[in-house]
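Undergrad: quick check, what structure comes out for this input:
(2 chains)
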Amino acid sequence: QQKVQQSPESLSVPEGGMASFNCTSSDRNFQYFWWYRQHSGEGPKALMSIFSDGDKKEGRFTAHLNKASLHVSLHIRDSQPSDSALYFCAAPYQGGRALIFGTGTTVSVSP
Amino acid sequence: EAAVTQSPRNKVAVTGGKVTLSCNQTNNHNNMYWYRQDTGHGLRLIHYSYGAGSTEKGDIPDGYKASRPSQENFSLILELATPSQTSVYFCASGGGTGGYAEQFFGPGTRLTVL
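TA: Numbers count the residues shown, from 1 in each chain, chains lettered A, B, ... in the order given. Below you'll find the predicted structure:
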């Protein structure tokens, strides 16, 4: 059973629009989350981490965490074609030594 | 910028053959990881290591062995490759306390087992 679930599987957004997608954990031990982004043909790259309730903003990216509901979301403001990628949510597990990843959300930004 | 390299980048193997995937990092990170990526499954952890000489099992270790002979190198070994092991494999390194520190990924190895 996937402990970190992402939705939707894919979404399309026009250039300049807002892209929003979600991640939910089934394990109450998960209190710290990462967002990673993977462009086609490349390895994933970390975008940001979040561990406090509320919003964390980095440039055009805003992550929101609600620990009570084990829900974290990522919002991309003013989406650009270069934001087209696969986005993963991840959480520490194995006693904090490793990361467990969700199945990912594919974002397509059309010019 | 942290550097993780993988070799080979592409590999075609025969069923029952031995395959070794290599990973090198120049970040001086203690932690290294092997993942496989398949559509619908995201990234799944196969083995990881928190220092030279150590290896730990991840979620899907069956059919795989790992070796960490030095701080810089981490190998994934398929002793008897099967078609179900056809996938894209990623190596990553990370410092600090594992999952609470950023992981840096290599470019991936595409493995096809015929």
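
Undergrad: what's near enough to touch the most centrally placed residue in chain B?
TA: Residue closest to the mean C-alpha point of chain B, counted by C-alpha atoms, centre = their mean, is residue B:34 at 2.6 Å. With contacts defined as C-beta atoms under 8 Å, 6 or more residues apart in numbering or on different chains, the neighbours of residue B:34 are B:21, B:23, B:45-48, B:58, B:64, B:66, B:74, B:76, B:89-91. For every residue, glycine as well, the C-beta is placed using N, CA and C.

Undergrad: then residue A:42?
TA: Taking C-beta under 8 Å, 6+ apart as the criterion, residue A:42 is in contact with B:107-108.

Undergrad: how many residues are close by residue 82?
TA: I'll assume chain A. Per other C-beta atoms under 10 Å in any protein chain shown, the neighbour tally for residue A:82 reads 8.

Undergrad: chain B, not that one
TA: Other residues near residue B:82 come to 12 when the count uses other C-beta under 10 Å.

Undergrad: quick check: longest strand of chain A.
TA: With DSSP state E applied, the strand covering the greatest number of residues in chain A is identified as strand A:85-93.

Undergrad: tell me the spatial nearest neighbour of the one residue in chain B that gets nearest to chain A, not counting adjacent residues.
TA: Using C-beta to the nearest C-beta, residue B:99 is the residue of chain B that sits closest to chain A, at 2.7 Å. Take residue B:99 and drop its neighbours on the chain: the residue closest to it by C-beta to C-beta, 6 or more residues apart in numbering or on different chains is residue A:92, 2.7 Å away.

Undergrad: does the one you found touch residue B:100 like I think?
TA: Yes - counting by C-beta atoms under 8 Å, a contact exists between residue A:92 and residue B:100, whose distance comes to 5.6 Å.

Undergrad: where does chain B have low pLDDT?
TA: Counting by pLDDT under 70, chain B contains low-confidence residues at B:1-2.

Undergrad: now the strands for it?
TA: Counting by DSSP E, chain B forms strands over residues B:4-7, B:10-13, B:19-25, B:31-38, B:42-49, B:56-57, B:65-67, B:73-78, B:87-94, B:103-105, B:109-113, given from the N-terminal end onward.

Undergrad: and what of chain A?
TA: When assigned using DSSP E, the strands of chain A occupy the ranges A:4-7, A:10-14, A:19-25, A:33-38, A:45-50, A:54-58, A:61-66, A:71-76, A:85-93, A:98-101, A:105-110.

Undergrad: so can I have JSON lines of the ones you listed showing mean pLDDT and mean neighbour count?
TA: Formatted as JSON lines, the entries for the strands of chain A read as follows, by pLDDT from 0 to 100; neighbours: other C-beta atoms under 10 Å in any protein chain shown:
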{"stretch": "strand A:4-7", "mean pLDDT": "94", "mean neighbour count": "18"}
{"stretch": "strand A:10-14", "mean pLDDT": "97", "mean neighbour count": "13"}
{"stretch": "strand A:19-25", "mean pLDDT": "95", "mean neighbour count": "21"}
{"stretch": "strand A:33-38", "mean pLDDT": "97", "mean neighbour count": "23"}
{"stretch": "strand A:45-50", "mean pLDDT": "96", "mean neighbour count": "18"}
{"stretch": "strand A:54-58", "mean pLDDT": "95", "mean neighbour count": "12"}
{"stretch": "strand A:61-66", "mean pLDDT": "96", "mean neighbour count": "18"}
{"stretch": "strand A:71-76", "mean pLDDT": "97", "mean neighbour count": "20"}
{"stretch": "strand A:85-93", "mean pLDDT": "95", "mean neighbour count": "23"}
{"stretch": "strand A:98-101", "mean pLDDT": "93", "mean neighbour count": "25"}
{"stretch": "strand A:105-110", "mean pLDDT": "97", "mean neighbour count": "18"}
